[in-house]
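> When you get a sec, could you give me coordinates for this:
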Amino acid sequence: MAPLQLSFASALYDRMVPLATGEVATPGLDVNFIEVQHPRDIFDRMIANREFDASELSSSEYITRYVSGDRSFVAIPVFASRVFRHSFIAVNSDRIKKPSDLNGKRIGVQLYTMTAAVWIRGLLQHEYGVDLSSIEWVEGKMEGPGMHGQPSSLPPLKPVKITSNKQYGSKSLSQLLEDGVIDATLGADLPECLGRVPHIARLFPDFREVEQAYYKKTGIFPIMHLVAIRREVYEKNRFVASALFNALNDSKNMAKARMESTGALRYMLPWLPAALDEIKAVFGDDCWPYGVEPNRRTLEALVQFLAEQSMIERQVTVDELFAPVREINFKIG
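Below is the predicted model of the structure:
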């Protein structure tokens, strides 16, 4: 039988390269890897137009749609992007000295419902006691006028104080922060004015130590993007879930092995060997595991934050969010 043709869209992360180049075996599948530079473009094209058979997808958008009853997509526990987000909070340091100073302030966010913002609000609430309900959220591009992409994400289920940068002359969030119109920004990017304007600084300048302490305390390494398959593709070919999971897992493991071979540095990071030692000391052998079980605590926290922030009406179990997959352990060499 001929292999199933499958289009798969993702940014070309290191963990995706072996799949994109065809170095990873994909039994039963003929994967057409479609590189899209910006994840927001992938999400908008996948959700609005169903352009791909499978793709990288926003974790929060997938979960909110699933809980609302929209089962257009089936997720597999592959996590294309994960990022600690303490370092992505920029503030007017004349006004904001500590997290509690954010109470009652006006904060810029590219998209209120974006996964990065969900994680940041969750950690501010749970780790620092910030009252999220007291804040006015101003949505818009971090750099440039207008909206962040063409999102079709579901709105919060309860009233939230969300305004648009259009109300402030359609200026970028970076410009609004520099001008003092807003007091901080948070999200998936940092404002251009950080490092250029003296009174704009990170809320956590020692973010590396803070993020490591957060992980050691909570076991959470925030997941931004998962991988989703269009429901009709999955229903016609159930084997796709396991086949794609294993191909992506093999690809990640191959990329990891290459990164750890430091005789000739694969990345332009002069102290990569020291960074690898530090990562292993904090995370153990694999800082980027796929599968539900090794990520259960992180996924449960994301579901909890989505419920607390009125983005889903109930907390679903983590297991029901993902298609069952049969994992085949990858062996290098």
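> Run through the helices of the chain in chain order.
For the chain, the helices defined by DSSP state H cover 17-21, 39-49, 59-68, 115-128, 173-179, 207-218, 231-236, 239-260, 272-283, 296-308.
> Would you reformat those as CSV and include distance to Leu6?
Every C-beta, even on glycine, is put in place using the N, C-alpha and C of the backbone. Shown next, in CSV, are the helices of the chain (distance: least, Cβ to Cβ, whole Å):
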stretch, distance to Leu6
helix 17-21, 11
helix 39-49, 14
helix 59-68, 19
helix 115-128, 25
helix 173-179, 37
helix 207-218, 34
helix 231-236, 7
helix 239-260, 7
helix 272-283, 31
helix 296-308, 25
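> right, and these - which one's nearest Ser93?
Closest approach to Ser93 among these (Cβ to Cβ): helix 173-179, 11.0 Å.
> what mean pLDDT would you report for the closest one?
The average of the pLDDT scores along helix 173-179 is 97.
> helices or strands next to it in the packing?
Where contact means 3 or more Cβ pairs under 8 Å, 6 or more residues apart in numbering; DSSP states H and E, helix 173-179 is packed against strand 106-109, strand 184-186.
> Count the neighbours of the nearest residue to Lys105 once chain neighbours are set aside for me.
Distance criterion Cβ to Cβ, 6 or more residues apart in numbering; nearest residue to Lys105, sequence neighbours excluded, is Asp183 at 4.0 Å. Using other Cβ atoms under 10 Å, Asp183 has 22 neighbouring residues.
> so Asp183 makes contact with Ile96?
Yes. Counting by Cβ atoms under 8 Å, Asp183 does reach Ile96; the two are 5.9 Å apart.
> Might you list the low-confidence residue ranges for the stretch 51-200 of the chain?
Nowhere does the stretch 51-200 of the chain drop to pLDDT under 70.
> try it again with 80
For the stretch 51-200 of the chain, the stretches with pLDDT under 80 are 146, 149-153.
> quick one: contacts for the most centrally placed residue in the chain?
Closest to where the C-alpha atoms of the chain average out (Cα atoms, centre = their mean) is Met224, at 1.6 Å. Listed by Cβ atoms under 8 Å, 6 or more residues apart in numbering, the contact set of Met224 reads 58-59, 79-83, 115-116, 119, 188.
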